[in-house]
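Trainee: Provided below for reference: sequence and predicted model.
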Amino acid sequence: MSPSIPFSNSSRILIPGTKMDALAQMHFATIDYVIFALLLASSMGIGLYYALSGGRQRTTQEFLLADRSMSCLPVSLSLIATFQSAVAIVGVPAEIYTHGTQYWFIGCAYILGLFIPAHIFIPVFYKLHLTSAYQYLELRFNKPVRICGTVTFIFQTVIYMAVCVYTPALALNAVTGFDLWGAVLATGLVCTLYTTLGGLKAVIWTDVFQTIVMFAGQLAVIVVGVQQTGGVAEVWRKVSEGNRISGIECSTSLHVSSLNPDPTVEYTFWTLGVGGVFLMLSLYGVNQAQVQRYLSAKTERDAIMSCYMVFPSLQLALALSCVMGLVMFARYCGEDHFHNLGVLSKNEMVLYFVMDMLQGLPGLSGLFISCLFSAALSTISSAFNSLATVTMEDLIKPHCPSMTEARATLLSKGLACSYGLLCLAMAYLTHLMSDSVLQTAFKIFGMVGGPLLGVFSLGLFFPWANSTGALVGLGSGLAMAFWVGIGSIVTSTSGGLAAVSQFNCTAVQLSGNITTAMGTALISTAMPTVTHSRPMGLQRFYSLSFMWYSALNSFTVVITGLVVSFLTGPMKAEEVTPGTLYPLLGNMLFFVPDKLKQKLCCVTPLGHGPTIQECPPAQHERNGQAIYTEEGLLEEERQSFLLTSHTPVVEHETAL
Ligand SMILES: O=C(O)CCCC[C@@H]1SC[C@@H]2NC(=O)N[C@@H]21
Ligand code: NA
């Protein structure tokens, strides 16, 4: 079997006269550039529209929270767009191509991954009338916990943003010679502009537009791909023969059974269906970008509905990416279309497939490129806006309470702009990354999003947790995350590029050196099949699937946080700010009579600021108890409660 010729992202090794070489010479038709330019122009147009209409972005309420006036449909599409970036568009089909449809099991995680945010996180955050999710941490614990949460979020988002900017540009450059830094600059500048000009309203409405372009682009590729591969039946025959359809039990040479309980196997029903729930909670439950969208809804009901409406759209997005991977497999296997392609990194394979298929159809290539950049733009714009929000709300406003609204808004715009430029700089660094971008994104979410999920869960579900416990817990969660994350990179046990041979199209173990026309190229070996020599001890810990990082790190925070809280004097229920607890035990023991429940101290006695679920929204009592209206905790009641309970007062952008 003649070995295939690898080419890496930076130095492409093309064999003259081969398919790849021909493709790299292929340029876009004018219509393709026009469609791509239209995408950028319409995004800019939406940004300008919201800069010049409504309140003209003159207050932070409007710039950061869209005046809390959004309805559930745009919020829901914006929620999808925020965490459906080019990483998913490029990474998921490559995943399906090399491993089969295991990854599709992540769809099972969407059920609890959206139900819990809709019934636990949103009601608490919405009633507290927050602007930044990290205000919750100060209300529940203290200012240092809030600052640590904010800084952790900023760190996570800046890195994730860089991956999202670089992915489409890198893939495009590798396959079509499209100018890499031209694409990064175009994306980054357009995005920075419309986010800085139009605020959250512009970000949400461009997300709506870009989500539609995203779905259209993927659908077009699937339709053309199926048609060019000989129809649905033909595609199905090829993918079944190539055993890319992973059922529950099948275990082949290509992949292990989906029910394999081994936590070191990257994708199984357990790592995706269960580990994926924690990943979803860290994104759709406590991530500022999503929480800000819930808070921008005009009523709590709209916020909850928007979360529910994410479910079908997310399943559609997942299905489109997975089907695209299957069509890609059917297109290239058995028909030896793949000869001379060489070993593509996972990040470039999809672009090669799309450009190869669409090259005869001008306009569709432009549509797919627009789909790719829509995915990137909608994620990056959400990141800029949420970074500006938390920096303003958590790091600046508390130190300049007398800042005027105009200055605060101007500063927020300046922050959005500077985060945009920072992200371009960061994008340059990400070209060093070797993993598949999908794995990189999951590792970022697991290593940083997991501990944040842990500290919020510690606050919401455990009344005894105190600030020291929260701080030490967050620190231990991050330490655990970096220990296992760095360990896995150093021992390079988990993940890694899958080498795809061009003959029998099954991902195989390729290793050793080969000599190409330009010297010796080392083929990166490959896919993490079931390792026969099972790693032991620390090696086994480092080879934990990154899909478990969110669960591992959030549990580390909760357990450490509780131990430290009990050691340093647990909080009493009456000391906790009303509205910051979710009576998890109380609601799970719904069948236990109230008297007994209060003895179990799993719900705070009504005498001390009822927790969120016991208090009907319209209750109005002024006997010093917290008072809830439709909007949530009344400002003066909350301030007076905080003052009497010696909890620092949380700045609030406007009195209710
Ligand atoms: O697409 C990205 O930018 C990151 C990879 C996907 C992130 C998670 S996975 C579960 C959920 N489904 C999505 O489409 N995005 C999020
Ligand atoms: Na996106």
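Mentor: Great, that's in hand. Quick caveat: nothing in here was measured; it's all calculated off a predicted structure. Ligands and ions are numbered 1, 2, ... in the order given.
Trainee: can we go C-alpha only for contacts and neighbour counts from here?
Mentor: OK.
Trainee: and residue 554, what element?
Mentor: Using DSSP states H and E, residue 554 maps to helix 549-567.
Trainee: skip ahead from that helix and say which helix or strand is next.
Mentor: Criterion used, DSSP H and E; the element after helix 549-567 is helix 584-588.
Trainee: quick check: next helix or strand after that following helix?
Mentor: Later in the chain than helix 584-588, the nearest helix or strand by DSSP H and E is helix 594-599.
Trainee: convert the C-alpha atoms of that following helix to CSV, please.
Mentor: C-alpha atoms of helix 594-599 as CSV (Å, rounded to 0.1, in the frame of the first residue of the first chain):
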residue,chain,number,x,y,z
ASP,A,594,-42.7,19.9,54.8
LYS,A,595,-42.1,19.6,58.5
LEU,A,596,-39.7,16.6,58.0
LYS,A,597,-38.0,18.5,55.2
GLN,A,598,-37.3,21.5,57.4
LYS,A,599,-35.8,19.1,60.0
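Trainee: and stretch 399-414, how far out from the chain middle?
Mentor: 29 Å (CA atoms, centre = their mean, to the nearest Å).
Trainee: and that stretch, what's buried?
Mentor: Neighbour-count burial for stretch 399-414, with 16 or more other CA atoms under 10 Å as criterion, is recorded at 408-413.
Trainee: and of the residues you listed, the nearest to ligand 2?
Mentor: Comparing the buried residues of stretch 399-414 against ligand 2 with CA to the ion places residue 413 closest, at 21.0 Å.
Trainee: I'd like to know how many residues surround residue 236.
Mentor: 17 (other CA atoms under 10 Å).
Trainee: please identify the helix or strand for residue 450.
Mentor: Using DSSP H and E, residue 450 sits within helix 450-461.
Trainee: state the mean pLDDT of that helix.
Mentor: Mean pLDDT, computed over helix 450-461, is 96.
Trainee: what about the closest residue in space to residue 365 that isn't next to it in sequence, distance to ligand 1?
Mentor: Spatially, and ignoring its direct neighbours in sequence, residue 365 is nearest to residue 358 (5.7 Å; CA to CA, 6 or more residues apart in numbering). Look at residue 358 and ligand 1: by CA to the nearest ligand atom, to the nearest Å, they are 23 Å apart.
Trainee: what's the helix holding residue 554 packed up against?
Mentor: With contacts taken as 3 or more CA pairs under 8 Å, 6 or more residues apart in numbering; DSSP states H and E, helix 549-567 sits against helix 275-280, helix 450-461, helix 467-490.
Trainee: tell me which of the ones you listed lies nearest to residue 379.
Mentor: Taking CA to CA, helix 275-280 is the member of the helices and strands packed on helix 549-567 nearest to residue 379, at 15.8 Å.
Trainee: I figured residue 134 was touching residue 148, is that so?
Mentor: No - Residue 134 lies out of contact with residue 148 (CA atoms under 8 Å); the separation is 9.0 Å.
Trainee: who's more crowded, the two?
Mentor: The residue with more neighbours, out of residue 134 and residue 148, is residue 134; 27 against 17, by other CA under 10 Å.
Trainee: around ligand 1, which positions in the stretch 251-400 of the chain sit nearby?
Mentor: residue 280 (CA under 6 Å from any ligand atom).
Trainee: what does the stretch 251-400 of the chain put close to ligand 2?
Mentor: 375-376, 378-379 (CA under 5 Å from the ion).
Trainee: will you turn those into a markdown table that also has secondary structure, neighbour count and distance to residue 211?
Mentor: Listed next are those as a markdown table, based on DSSP: H, G, I helix; E, B strand; the rest coil; neighbours: other CA atoms under 10 Å; distance: CA to CA, whole Å:
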| residue | secondary structure | neighbour count | distance to residue 211 |
| --- | --- | --- | --- |
| 375 | helix | 30 | 7 |
| 376 | helix | 33 | 10 |
| 378 | helix | 32 | 8 |
| 379 | helix | 29 | 10 |
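Trainee: how about low-confidence regions in the chain?
Mentor: 1-27, 174-177, 247-256, 334-347, 428-435, 493-535, 599-656 (pLDDT under 70).
Trainee: how is it carved up into domains?
Mentor: Domain assignment for the chain, taken from automatic domain parsing, gives 19-23+34-51+60-435, 578-654.
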